[in-house]
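In: model the structure of this input:
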Amino acid sequence: MRLTLVTRKRCHLCDAAAADLRSLGVEFDEVDVDSEPDLLALYDDAVPVVLAGGRELCRAPFSRQDLLSALRAVSLGSGS
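Out: Next comes the predicted model:
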């Protein structure tokens, strides 16, 4: 499963979310919210946001445990 992490420059929560995803071995693309008007309209004050297939899994503030729970739910839902 490949995810999208919606981030912003100089965002410590975004850096932590990216580090958590990497440590879990999850593949993801990082998108800067400020470079995408549609994402900015949705998530301006909510980054980081983790998306799977365009579906929001979690948005700030979230813990590593919240992220793990969201990833498990997606994995179970996809039949993996």
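In: tell me the bridge partners for Arg2.
Out: Counting by DSSP bridges, Arg2 is bridged to Glu27.
In: so who does it touch?
Out: Contacts of Arg2 were listed using C-beta atoms under 8 Å, 6 or more residues apart in numbering, and they are 27-29. C-beta here means a position set from N, CA and C on the backbone, and glycine is covered the same way.
In: quick one: buried residues of the one helix or strand Ala17 maps to?
Out: Per DSSP states H and E, Ala17 falls inside helix 12-23. Neighbour-count burial for helix 12-23, counted by 16 or more other C-beta atoms under 10 Å, picks out 14, 16-18, 20-21.
In: so in this protein, which helix runs the longest?
Out: When the chain is parsed with DSSP state H, its longest helix is helix 64-77.
In: what does that one contact?
Out: Applying C-beta under 8 Å, 6+ apart, the contact partners of helix 64-77 are 1, 17, 20-21, 24, 26, 50, 52, 57-58, 62.
In: and the helix holding Ala17, what does it pack onto?
Out: Here helix 12-23 touches strand 2-7, strand 27-32, helix 64-77, going by 3 or more C-beta pairs under 8 Å, 6 or more residues apart in numbering; DSSP states H and E.
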